[in-house]
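> Got a predicted structure plus its sequence, pasted below:
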Amino acid sequence: MRLRRPVVLASLVVLAALSGCGLLGDAAPGALAEGSPPPIAPVPLPTTPPPPGPVEVAAASLADRSGDVSYSGSVRVVRTPVGIGPPPLPPPFAQDCALPDDGSVRSLAVEVTFTDTSTAAMSGLAADVTLTAADGGPPRAGTAVVVGSSSPGTRWCQDGTTSPVADGFAVGSGVGSVTTVAVWVVARDAAPTADLVLRVSGLRNEAGSNATGPWDEVRVSAGACADDPAALCVPLG
């Protein structure tokens, strides 16, 4: 019996040593085994840019005086993105203008917002709108401008034409009022782009019998026309 006990103890020592070697040889957590491919890095998903939104392109402040009464207002002009199809005006418009809704027509709205900031009297805004080429000449063929106001008399294409390039509007309904009129630019076969400019000129105060005629002061802070500091020029691209 005395001869067997050292053998048993030696066996335990050998097993412990072998067990320790096995532990030291194990791969650390997360380590790659020899010959394994490297991990694949996650690929970021492509992001879709947001659709373009309305862009403010022109602004002006207005001041006028008639007798002892002072008038004031502001103009803000916003260009909206190009859409496919005729302007969303009442159905007789499309038929009268012969504008097909087959994807060949492009249109965008230039929104002119007038705010009456007078404190003691009602003011208004009347203006002319003209579509021109970027160099001031005639616009390319197949383009037109349409004022989408509530007055049937300002609807274009009532005579069947599809290429009117000038119109006008008048807005204003009381002290503190904010009124927006949409001036639609229409193009056949090609979208309105930077080769076209919408000119808003001849700004007048239309407040009934108290004040009519040009505003005494038109201070343009953005979008002034190069040849007329009292007019607004809106590039369409």
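Yep, that arrived.
> Residue nearest the middle of the protein, spatially speaking?
Pro54 (2.1 Å; C-alpha atoms, centre = their mean).
> where in the chain is pLDDT low?
1-37, 50-51, 149-156, 158-159, 208-211 (pLDDT under 70).
> ok, 80 please
1-52, 90-96, 98, 100-101, 148-163, 172-174, 189-192, 207-212 (pLDDT under 80).
> those helices in it, which residues are they?
Taking DSSP state H, the helices of the chain run over residues 4-25, 91-97.
> For the last one, which helices and strands make contact with it?
Helices and strands in packing contact with helix 91-97 are listed as strand 143-148; criterion 3 or more C-beta pairs under 8 Å, 6 or more residues apart in numbering; DSSP states H and E. Where C-beta positions appear, they are placed from N, C-alpha and C, glycine not excepted.
> For beta bridges, what are the partners of Arg204?
On the basis of DSSP bridges, Arg204 is bridged to Ala126, Pro214.
> Tell me how far it lies from Leu232.
Taking C-beta to C-beta, to the nearest Å as the measure, Arg204 falls 14 Å from Leu232.
> Which of these two has more residues huddled nearby?
Leu232 (26 against 19; other C-beta atoms under 10 Å).
> Roughly how far does that one sit from Leu203?
Noted for Leu232: a distance of 8 Å to Leu203, by C-beta to C-beta.
> which residues are common contacts for those two?
60, 75 (C-beta atoms under 8 Å, 6 or more residues apart in numbering).
> check contacts around the closest residue to Val178 other than its chain neighbours.
Spatial nearest neighbour of Val178, chain neighbours left out: Thr115 (4.9 Å); criterion: C-beta to C-beta, 6 or more residues apart in numbering. Neighbouring residues of Thr115 by C-beta under 8 Å, 6+ apart: 73-76, 177-178.
> Show me what Phe169 is bridged to.
Assessed by DSSP bridges, Phe169 has beta-bridge partners Ala127.
> thought it was touching Gly148?
No. Using C-beta atoms under 8 Å, Phe169 is not in contact with Gly148, being 9.2 Å away.
> Only the buried residues of stretch 120-129, if you could.
Of the residues in stretch 120-129, 121-127, 129 count as buried by neighbour count, 16 or more other C-beta atoms under 10 Å.
> no no, stretch 124-143
124-127, 129-132, 139, 143.
> could you dump these to CSV with distance to Arg65?
Supplementary listing: the buried residues of stretch 124-143 in CSV, determined by distance: C-beta to C-beta, whole Å:
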residue, distance to Arg65
Gly124, 15
Leu125, 16
Ala126, 17
Ala127, 20
Val129, 26
Thr130, 28
Leu131, 33
Thr132, 32
Pro139, 37
Thr143, 39
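> Please compute how far stretch 107-127 lies from its chain's middle.
Distance of stretch 107-127 from its chain centroid, counting by C-alpha atoms, centre = their mean, to the nearest Å, is 20 Å.
> Repeat that for stretch 48-64.
Distance of stretch 48-64 from its chain centroid, counting by C-alpha atoms, centre = their mean, is 7 Å.
> Give me the contact list for it.
Residues outside stretch 48-64 that contact it (C-beta under 8 Å, 6+ apart): 70-81, 110-111, 123, 125, 200, 203, 205, 211, 215-224, 232-235.
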